[in-house]
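**Student:** Quick one, what's the 3D model for this:
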Amino acid sequence: MASSWTWKKAIKVGAAAATAGGGGCALLYLTSVYNSDRKKEQVQQKLAASGLNKRPSKPLPTRADQLNSLASDQFDVLIIGGGATGSGCALDAASRGLKTAMVEYDDFSSGTSSRSTKLIHGGVRYLQKAIMNLDIEQYKMVKEALHERANLLEIAPHLSFPLPIMLPVYKWWQLPYFWAGIKAYDLVSGGDCLKSSYILSKSRALELFPMLKKNELKGAIVYYDGMHNDARMNISIAISAVRLGATVANHVKVVDLIKTDGIVSGAKVRNQLTGEEFSIKAKSVINATGPFTDSIRKMDDGQTRDIVCPSAGIHIMLPDYYSPSNMGLLDPATSDGRVIFFLPWQGLTIAGTTDTPCPVTNSPGPSESDIQFILSEVKNYLTPDIDVRRGDVLSAWAGIRPLVKDPNAGDTASLVRNHVVHVSDSKMVTIAGGKWTTYRAMAAETVDEAVEAAQLGVGPSMTDGLLLEGAHNWAPTMFIRLVQDLGVDTAVAQHLSDTYGDRAFSVGKMAGLTGQRWPIVGRRIHQEFPYIDAEVRYAVKEYAATAVDVIARRLRLSFLNVQAAEEALPIVVSIMADELGWDKEEQDKQTEDAMDFLRMQMGKDLNKASRDNIPVSLTKAEIAEYVKRFNALDDGKKGYISINDIRKSLKSQGEEVTGQQIHELLNELDANHNGQVEVEEYLQMMSAIKSGTVSHSRFAKMAEMDYKSKKYGEHMERSGGGV
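**Tutor:** As a prediction, the model looks like this:
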């Protein structure tokens, strides 16, 4: 009774607060909606008149064609950096009719732009600060971000969608406080509001998010922000720029700037894949290199002060059972004051982010302490029924966020809240800071400055409402046509539709026969994920040039599950070798580079170290049992288990596996890489499983079944099949 009374009282307090300013708020909201609708109508009329929103039909130029153009043509604008902002600048410039070039040191979105929290958001906490501090600039920043959020969901509906995010409430006073703040977020959104927020009772909150900790939970508030596939979104922006005539190339590094009469007029570059160097001529140069901003600024002026303060954000991937498939979670105040998001993404669960000062590097990696921090915070919000295990971390990565100081200000000590656009004495334009959501607005402002600095004489930005690659003829039901017309399975069809939009048919037509009754085409490169062979071939047409380009940015496999990425790597390299003509030496190099990437940047080494460093903490009875299992597998009592032992055991259990799968089984435990498993390695693995540092092991399950089969003289039944 008391609980019900308190709940009703909390609602009444919130309602009273809302009613006090209700009339004015309603008028502001309706005015905002009207203005937003009117502006959208004007934008669509402008784009229709320009013809920019017609679906391009010409094939993409090859990478070789792009490189030849860069070396021989004169450009209006050269953009350095192929992340979200750089690609946005290329699209903005091309849509204005400027002859545009863009080069990227690594791959499009290989840096910060592929390592985000995957949210498209206005910034709930920024709005809170704007209201509490009466800060009009912060308010404008949130207002702009909310418009850009809505715009991004409209121009790439296949890649982005509204996601409900739950804010659990564990104290009664927080309910009206949080509710007022979230409703203000809706109000400021106006006509750009995705969906209206709402309050949930405790029982309803647990129904929608059953993994939530029940003790002391009072209720929850749900609000909406956007979510997307960040790397694919970035690549789509770059490809959209190419469709409008831009010349772009990845794996091209700027080694120096070219100046004419003291004005930056191009850049000397190096093809990172061949070592060839050449010059690119341009009337204006834009520096959009994120964390590497200062290195390009120093090419322009060696005495300039650094403006970037890099900060690392760590994310981890967890299995799907850690969160509902259609509801995220926000922890607004962790143990050290940082915000943690807990979100469903690509069929799994993403948790992050941390915020730690770091050096600028081309290969940022996660730290074990940050992984443990995230796991600890996740544990605080989940029911004790769920054992939050280190072994459930499928991958982990770091992204460098380039916080910046304003070089235009007299006081360069404090960080800016948003982004900075700076024009140097030599007319080079630098864009730094900001966030993923506002990439388009940042790009428009940057190109405006470049147009003015170089007197290029073109009109304003045309990218508000400009559809991105794949969006023109896409519909939510397109995947059904893919199933019916091409013969791919439903999960693959849904993935192709949600990734490539109306270009999914072009991808699907490149798929090979499966040799099965169903699906007819679309051989998966890994059985746990809906990625198929055709996507690797299509990635090459979209300028993927290395194995890492594919497993990290085109397929996202390395971000989702580092072990699965390693297992799919041979197939990826083989298909790319066919497309690009790689010989055996190049295939080996690509495999080695990809493995280094997985080990250092995707958390593979940390996962292995967390397992290997666990002390063997088994009871005498457990050790005796596991030694018996080991000895049962060790045919001939050699003192170790070999590949032949594994093959013989699987055959006796009626399992048919490939040579690659047998090697994968061995490599789970073969810590010293000598091609055999010693008893110490086996006991280490069993101890890691017991502690939760490892979630499961195929080798351990095989040894258990082999022992029981020999002990009881019969095959043991199990579900699932395979290894």
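**Student:** Going by C-alpha atoms from here, please, whenever you check contacts or count neighbours.
**Tutor:** OK.
**Student:** Give me the residues contacting stretch 151-164.
**Tutor:** 194-195, 222-229, 232-233, 326-328, 437, 464-471, 474-476, 497-501 (Cα atoms under 8 Å, 6 or more residues apart in numbering).
**Student:** taking those one by one, which sit in helices?
**Tutor:** 232, 233, 497, 498, 499, 500 (DSSP state H).
**Student:** just wondering, since we're on the residue nearest to the fifth one when sequence neighbours are not counted, how far is it from residue 235?
**Tutor:** This means residue 499. Spatially, and ignoring its direct neighbours in sequence, residue 499 is nearest to residue 159 (6.0 Å; Cα to Cα, 6 or more residues apart in numbering). Per Cα to Cα, to the nearest Å, residue 159 is found 11 Å from residue 235.
**Student:** Helix or strand for residue 69, just tell me which one.
**Tutor:** helix 63-72 (DSSP states H and E).
**Student:** In terms of secondary structure, what does that helix contact?
**Tutor:** The elements that helix 63-72 packs onto, with contact taken as 3 or more Cα pairs under 8 Å, 6 or more residues apart in numbering; DSSP states H and E, are strand 247-249, strand 277-287.
**Student:** send the alpha carbons of it over as PDB?
**Tutor:** What follows is helix 63-72, C-alpha atoms only, in PDB (Å, rounded to 0.1, in the frame of the first residue of the first chain):
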ATOM      1  CA  ARG A  63      40.300   2.400 -57.100                       C
ATOM      2  CA  ALA A  64      42.900   2.600 -59.900                       C
ATOM      3  CA  ASP A  65      40.800   5.200 -61.700                       C
ATOM      4  CA  GLN A  66      40.500   7.200 -58.500                       C
ATOM      5  CA  LEU A  67      44.300   7.200 -57.900                       C
ATOM      6  CA  ASN A  68      45.000   8.200 -61.500                       C
ATOM      7  CA  SER A  69      42.600  11.200 -61.100                       C
ATOM      8  CA  LEU A  70      44.200  12.300 -57.900                       C
ATOM      9  CA  ALA A  71      47.600  12.400 -59.500                       C
ATOM     10  CA  SER A  72      46.600  14.200 -62.700                       C
END
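**Student:** Run the angle between that helix and strand 277-287 for me.
**Tutor:** 80 degrees (axes from the mean of the first three to the mean of the last three Cα atoms, to 10 degrees).
**Student:** pLDDT averaged over helix 63-72 - what is it?
**Tutor:** Helix 63-72 comes out with an average pLDDT of 98.
**Student:** now it, how far from the centre of its chain.
**Tutor:** With Cα atoms, centre = their mean, to the nearest Å as the basis, helix 63-72 stands 29 Å off its chain's centre.
**Student:** gap between the helix or strand following that helix and the chain center?
**Tutor:** Next helix or strand after helix 63-72 toward the C-terminus (DSSP H and E): strand 74-80. Its chain's C-alpha centre lies 28 Å from the corresponding centre of strand 74-80 when counted by Cα atoms, centre = their mean.
**Student:** Report all helices and strands that strand 74-80 contacts.
**Tutor:** Counting contacts by 3+ Cα pairs under 8 Å, 6+ apart, strand 74-80 is packed against helix 84-95, strand 100-103, strand 277-287.
**Student:** Quick check: the residue nearest to residue 489 when sequence neighbours are not counted vs residue 635, distance?
**Tutor:** Spatially, and ignoring its direct neighbours in sequence, residue 489 is nearest to residue 519 (5.3 Å; Cα to Cα, 6+ apart). Remark: distance between residue 519 and residue 635 (Cα to Cα) = 41 Å.
**Student:** How about residue 277: what's its closest non-neighbour residue?
**Tutor:** residue 270 (4.3 Å).
**Student:** The one you found: what's it in contact with?
**Tutor:** Applying Cα under 8 Å, 6+ apart, the residues contacting residue 270 are 252, 253, 254, 255, 276, 277, 278.
**Student:** Each with direction, which strands does the helix or strand hosting it pair with?
**Tutor:** Assessed by DSSP H and E, residue 270 sits inside strand 263-271. Paired strands of strand 263-271, with direction, are strand 252-260 (antiparallel), strand 277-287 (antiparallel) (DSSP bridges).
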